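Undergrad: quick one, fold the following:
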Amino acid sequence: MKIKQKIGLGFGIPVFIILVVAVIFTLVTKKTLQKEIAESALRLSNKTIRDIDKGIYYRLEQIQAYTGDILMANALIASNNEFDKIDNVQNYINAIDMDWINGKETLFINNILNNELSKELSEIVKLYNEKYKYPVFSEIFVTNRYGGVVGSTGRTTDYRQDDEEWHQKTLEETNFWVGGIQFDESSSTISMCIVVKIYDDLNNFIGAIKAVLNIEDVKNTINLLQADSQYKSMSPHLVNKNGYTIFSGIDPKHKKLKINIRLEEFGEDISSRKSVAQAIKGIDGYSIVKENGKDLLSCFVHSKGFKDFKGIGWSLIVDYDAQELFESVTILRNIIIVISSISFLIFIFLSVFVNRHILAPLKKLTDIIVEFGQGKIDATIEIGTKDEIGQLSVSFNKMAKDLQNSRNELISAKEYAENIVLSMLDALVIVTPEAIIQKVNLATLSLLGYKESELIGKPINMIFEQNRLFKTEGIDDLIQKGFISGTERTYLTKDGKKIPVIFSGAALRNKQGEIEGLVCIAKDISEIKRAENAIKETAEAQRKKALELEHLNIELRNAYGKLETKTEHLERFHNLTIGREFDMIKLKEEVNALLQRIGQPKKYKIMDEIKKLKKDQP
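TA: Okay, the predicted model is just below:
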């Protein structure tokens with residue numbers, strides 16, 4: 001039977017193993033699966049409450065950005081300066097406040113409602129309304145340091161704001177604060193307030209800006225959570241720090257506003273629920289609760305704020321029908337149990353079959369391959385089957401034999417090459433393209449006095465005079481040309497001795513033509529240099545001796561001239577003084593001797609002169 005057929009029969013084994021494991025996993029870890037689903041729902045809840053905080057923070061940023069407006073700063077400074085000049089500023093503010101509440105349109109009040117700051121605030125509100133297609137900010141107004149309104153998008157309930165709770169809290173805060181959901185009487189909307197303190201260039205408090213934020217952003221986030229959910233039973237509840245739901249028709253007296261609130265239980269105290277109690281304590285989590293005879297998975301998360309906005313204590317509780325939520329787990333468990341029961345016997349049979357005919361031979365082959373990979377290349381395998389595994393074992397044994405022969409040949413060739421390198425009389429150094437020494441032979445170590453460990457991994461410049469490999473030709477030239485031959489360089493030994501060498505180099509390239517290293521050979525020419533110096537010294541000595549002989553010849557010539565002159569003088573007196581004849585003969589002998597020293601023939605015949613002298617004597 002071919003291995004393809006065996007594999008075809010054994011292919012279903014992993015499937016059945018997975019099914020059996022899945023059954024065991026489902027039965028044993030049902031709670032784990034439920035936990036994963038619950039944690040996924042919890043993550044969604046966390047994301048939603050974070051999106052709510054993020055949305056509020058972005059609105060806060062928009063208001064904070066506007067506090068740097070020059071027009072606003074100038075208006076506040078001018079208002080504060082005006083109020084500083086008033087003796088009884090509180091009576092002054094109370095008088096304006098009475099006119100304001102009674103709806104009077106005094107010049108002062110009209111100036112506030114129609115000044116440039118109020119127009120600018122109105123334009124901001126209009127801009128956001130048009131951009132988002134709903135009223136983002138119901139009202140924005142600015143107060144000075146004394147709590148009086150300086151600019152507003154409309155007529156607020158009161159002119160005087162320093163006696164309001166929001167203004168008093170503003171004075172306690174450092175930079176800003178965000179209020180909870182409430183009914184704003186000035187704008188007649190269910191909203192929340194954002195208050196930011198305003199400072200001048202010297203960081204002095206000069207006023208505050210209050211923006212009444214519509215809750216539409218929060219509603220949209222909650223609506224999106226429900227709309228995107230695949231579970232029809234999802235029921236979200238956004239509660240405040242006291243456990244009261246935020247959305248509903250709130251107090252009956254506000255029903256006439258006909259505000260479209262999605263959730264109906266606004267204002268209901270649900271703090272008694274375990275999940276709500278946990279959430280308002282700042283605890284995130286989930287639990288299975290029973291309500292109206294149903295098991296509910298209740299996820300609860302607490303607001304953590306966003307960036308420097310710390311949140312306002314809200315919590316989000318999302319309830320799911322547990323049966324709907326975990327329905328897929330139950331169905332999967334039942335299907336797997338049925339399939340696993342049917343396939344169990346088949347699995348046992350196939351396991352035995354595959355183990356005997358496929359896995360055992362493969363295991364044996366694998367063990368041999370592992371041994372082979374660990375360096376035991378003489379390992380062989382004996383499998384008696386005639387299928388593909390048997391053929392593979394035969395091919396493997398042949399490959400192992402061929403590899404063993406090839407390795408032996410490579411080892412022999414490597415040893416031969418290394419012996420050649422090590423036995424070279426000339427110094428050989430192999431370096432990387434970056435001029436780092438990789439290998440040296442014994443001649444190099446003997447010549448330079450280093451140990452091999454002191455050179456390997458070091459830059460080749462360290463063995464050259466002045467730390468330079470080449471004076472006129474560098475590594476780049478060697479790499480580009482491929483070789484350098486017969487250049488004189490100076491090696492430096494370990495103790496600093498200079499050794500003249502004839503240097504040659506060649507680049508080592510791989511099959512792709514890339515340079516893998518550089519081979520550098522240097523021949524010691526110290527003896528040649530010494531011989532050359534000796535020859536030069538001998539030649540210099542001979543040159544000096546020739547100069548000395550030339551000087552001596554000149555001196556002899558000069559002496560000869562003087563003696564010849566002297567001889568002539570003596571001959572003049574020869575006839576006058578016979579007794580000096582012998583002196584003349586002696587002088588002539590000296591002349592003859594000098595002529596012989598310079599290689600000239602004798603000029604005087606001394607013997608004839610003596611005979612003649614004796615003959616002339618009486």
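Undergrad: so how far is I37 from K31?
TA: 11 Å (CB to CB, to the nearest Å). (C-beta placed from N, C-alpha, C; glycine too.)
Undergrad: okay, these two: which has more neighbours?
TA: Between K31 and I37, counting by other CB atoms under 10 Å, I37 is the more crowded of the two (17 against 9).
Undergrad: which secondary structure element is home to the more buried one?
TA: helix 30-66 (DSSP states H and E).
Undergrad: run through the neighbouring helices and strands of the next helix or strand after that helix.
TA: For helix 30-66, the following helix or strand on the C-terminal side (DSSP H and E) is helix 70-84. Judged by 3 or more CB pairs under 8 Å, 6 or more residues apart in numbering; DSSP states H and E, the packing partners of helix 70-84 are helix 116-132, strand 137-144, strand 149-152, strand 189-199, strand 205-214.
Undergrad: could you dump those to a markdown table with mean neighbour count?
TA: Shown next, in a markdown table, are these (neighbours: other CB atoms under 10 Å):
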| stretch | mean neighbour count |
| --- | --- |
| helix 116-132 | 16 |
| strand 137-144 | 25 |
| strand 149-152 | 24 |
| strand 189-199 | 21 |
| strand 205-214 | 24 |
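Undergrad: quick one: A522 from G486, how far?
TA: 11 Å.
Undergrad: among those two, which residue is more densely surrounded?
TA: Neighbours per residue (other CB under 10 Å) separate A522 from G486, with A522 holding more: 25 against 8.
Undergrad: which residues touch the more buried one?
TA: By CB atoms under 8 Å, 6 or more residues apart in numbering, the contact list for A522 reads 426-427, 429, 444, 447, 489, 491, 501-504.
Undergrad: and N405, by the same measure?
TA: Applying CB under 8 Å, 6+ apart, no residues qualify as near N405.
Undergrad: for stretch 225-241, the averaged confidence score.
TA: Regarding stretch 225-241, the rounded mean pLDDT is 83.
Undergrad: buried ones in that stretch?
TA: Of all the residues in stretch 225-241, those buried under the rule 16 or more other CB atoms under 10 Å are 225-226, 229, 234-241.
Undergrad: over to stretch 453-469?
TA: In stretch 453-469, counting by 16+ other CB under 10 Å, buried: 455, 460-461, 463-464, 469.
Undergrad: coming back round to it: going by distance to G151, which of the buried residues of stretch 225-241 wins?
TA: N240 (31.0 Å; CB to CB).
Undergrad: now the two most distant members of the buried residues of stretch 225-241.
TA: S229 and K241 (25.9 Å).
Undergrad: just checking, which of the buried residues of stretch 225-241 belong to helices?
TA: Residues of those located in helices (DSSP state H): 225-226.
Undergrad: the strands in the stretch 401-550 of the chain, which residues?
TA: Secondary structure of the stretch 401-550 of the chain (DSSP state E, counting those that start in this stretch): strands located at 427-431, 437-440, 483-492, 498-509, 515-524.
Undergrad: pLDDT on whichever strand or helix holds I342, on average?
TA: Remark: I342 resides in helix 327-354, with elements defined by DSSP H and E. On average, the pLDDT along helix 327-354 is 68.
Undergrad: for stretch 68-87, same thing?
TA: 93.
Undergrad: again, but for stretch 455-462
TA: 88.
Undergrad: gap between it and the chain center?
TA: 31 Å (CA atoms, centre = their mean, to the nearest Å).
Undergrad: can you list contacts of it?
TA: Against stretch 455-462 from outside (CB under 8 Å, 6+ apart): 429, 431, 435-440, 444-445, 448, 463, 467-469, 492, 520.
Undergrad: name the SS class of T156, please.
TA: Following DSSP: H, G, I helix; E, B strand; the rest coil, T156 is assigned to coil.
Undergrad: mean confidence for stretch 527-538?
TA: On average, stretch 527-538 scores 83.
Undergrad: tell me the contacts of the spatially closest residue to D163 that is not a sequence neighbour?
TA: Excluding the flanking residues, the one nearest D163 by CB to CB, 6 or more residues apart in numbering is G147, at 7.4 Å. Contact analysis of G147 by CB under 8 Å, 6+ apart lists 93, 160-164, 167.
Undergrad: what's G147 sitting at in phi/psi?
TA: phi 90, psi 10 (degrees, to the nearest 10).
Undergrad: how much space separates it from G561?
TA: Plainly put, G147 is 137 Å away from G561 if you go by CB to CB.
Undergrad: now do Q64
TA: According to CB to CB, Q64 and G561 sit 122 Å apart.
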